[in-house]
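> Need a 3D model of the sequence below.
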Amino acid sequence: MNLYRNQKICLKELYWDKKLSTSEIAKVYNCNSETIRRLMIRHNIPRRPIHERKYKISKEMLNKLYNKNKLSTIEIAKKFGCSQWVIWSLLQYYDIGLFHAWYYHAWKSPANQIKPILSPSPILSYVTGVILGDGWVYKINHSYSIGLETLDKPFCESLVRALQQIKLNPCLMFNKNRFWRVTATSKLFYEWYKSLKFNDIEKIAIEYPKEFVRGFYESEGCLSIYKSRKYRYTNCKIIICNTKEELINLTKELLKILGFHPTIRKKNNPLPRKPLWILVLGRKAEVKQFLDIVKPCIKTGEKRLSRNL
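Modelled structure (predicted):
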């Protein structure tokens, strides 16, 4: 078959009537697809709109692959067996914003590809309690950090072990200010944590109350031991303080589940500081029972309690 005889009629029939692509027409005539493209331009044969061509990819599918799954145009093209320019043209046609190359490479960094175990568990409950206390989860540019800074090395080591068990890669260091610091990086953990509502935190904590209380106590609690020489008595208290009333109330409910009898009082601070909510476990027998059940790694007063209880 001679392509150059009645070129315009042949090309128009194959391209518009039979809906063949330029590469398929090129195979029919044993030539290059670029030759077909140039001939169509010469004969003023318009191209089909990008969304009407062979690779019918919906806007929803493309948006999911590109923005949610973070696949590149090359990876999406391989998935559908087309060129990356088809995908690029579709992104423009559907008005899906293109992200810059540096953003793509930041997302593809090894740290952001770590998939932590985020199903409810005792370890996740403990980590959540620590973060709600002295820990942090924040984002700077395209770095997503989870961490803790404290004077207590055993506390940091405990958090390191917990983060390792949910498949993160934490780093433990000693900084110039003589603080111990734990840091880990994970965008997926950051997005999960920031998506939590208080009801979600409640569900995790109530399912594993002992672990949540342990993490929150190690962050925000202390063991107060007062010994009166004059009247010869010893007063021991577990104290947990926080400016968020809902967290203190949740901790109170968790302690009740564990069989304790805590009380709460409010301490007003000078404005603009928020009032401080203080949870107290004041019965001497319950203080020792709390330390035996919750088993915090710090703030146990082992030497003093062994003498006084």
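
> part of a helix, is residue 254?
Yes. Under DSSP: H, G, I helix; E, B strand; the rest coil, residue 254 falls within a helix.

> Distance-wise, check the closest residue to it other than its chain neighbours relative to residue 258.
Once flanking residues are discounted, residue 254 sits nearest to residue 209: 4.0 Å by C-beta to C-beta, 6 or more residues apart in numbering. (C-beta placed from N, C-alpha, C; glycine too.) Distance of residue 209 to residue 258, given as C-beta to C-beta, to the nearest Å: 6 Å.

> picking up where we left off before, tell me the pLDDT at the residue nearest to residue 254?
At residue 209, the pLDDT value in this model is 97.

> With the one 10 residues further on instead?
With respect to pLDDT, residue 219 has a value of 96.

> Give me the buried positions along the host helix or strand of it.
Taking DSSP states H and E as the criterion, residue 219 maps to helix 209-220. Residues 209, 211-220 are the ones in helix 209-220 that count as buried (16 or more other C-beta atoms under 10 Å).

> Just the closest of those residues to residue 157, please.
Distance to residue 157 across the buried residues of helix 209-220 (C-beta to C-beta) is lowest for residue 218, with 11.6 Å.

> The closest one: what's it in contact with?
By C-beta atoms under 8 Å, 6 or more residues apart in numbering, residue 218 lies in contact with 129-130, 133, 155, 158, 296-299.

> And for residue 274?
residue 243.

> So residue 137: helix, strand or coil?
Applying three-state DSSP: residue 137 is strand.

> and it, what does it touch?
Contacts of residue 137 by C-beta under 8 Å, 6+ apart are 131, 144-146, 189-190, 193-194.

> how about 7 Å then?
Contact partners of residue 137, counting by C-beta atoms under 7 Å, 6 or more residues apart in numbering, are 131, 146, 190, 193.

> Just checking, which helix or strand succeeds the helix holding residue 219 along the chain?
strand 221-228.

> CA atoms of stretch 157-164 as PDB?
Provided in PDB are the C-alpha atoms of stretch 157-164 (Å, rounded to 0.1, in the frame of the first residue of the first chain):
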ATOM      1  CA  GLU A 157      16.700   4.900  75.500                       C
ATOM      2  CA  SER A 158      13.200   3.700  76.300                       C
ATOM      3  CA  LEU A 159      11.700   5.800  73.600                       C
ATOM      4  CA  VAL A 160      14.400   4.600  71.100                       C
ATOM      5  CA  ARG A 161      13.400   1.000  71.800                       C
ATOM      6  CA  ALA A 162       9.700   1.900  71.300                       C
ATOM      7  CA  LEU A 163      10.300   3.700  68.000                       C
ATOM      8  CA  GLN A 164      12.400   0.800  66.800                       C
END
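
> Could you pull up the mean pLDDT of that stretch?
96.

> Give me the buried stretch members for it, please.
In stretch 157-164, counting by 16+ other C-beta under 10 Å, buried: 158-160, 162-163.

> try stretch 168-179
Here stretch 168-179 shows 168, 170 as buried, counting by 16+ other C-beta under 10 Å.

> And stretch 262-275, by the same measure?
residue 262.

> Equivalent analysis for stretch 75-95, please.
Buried-residue list, stretch 75-95, by 16+ other C-beta under 10 Å: 76-77, 80, 82, 86-91, 94.

> Can I get these in a markdown table including distance to residue 168, secondary structure and pLDDT?
Below are the buried residues of stretch 75-95 laid out as a markdown table (distance: C-beta to C-beta, whole Å; DSSP: H, G, I helix; E, B strand; the rest coil; pLDDT from 0 to 100):
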| residue | distance to residue 168 | secondary structure | pLDDT |
| --- | --- | --- | --- |
| 76 | 29 | helix | 86 |
| 77 | 33 | helix | 81 |
| 80 | 34 | helix | 80 |
| 82 | 38 | coil | 73 |
| 86 | 38 | helix | 76 |
| 87 | 33 | helix | 82 |
| 88 | 35 | helix | 79 |
| 89 | 40 | helix | 79 |
| 90 | 36 | helix | 83 |
| 91 | 33 | helix | 85 |
| 94 | 36 | coil | 82 |
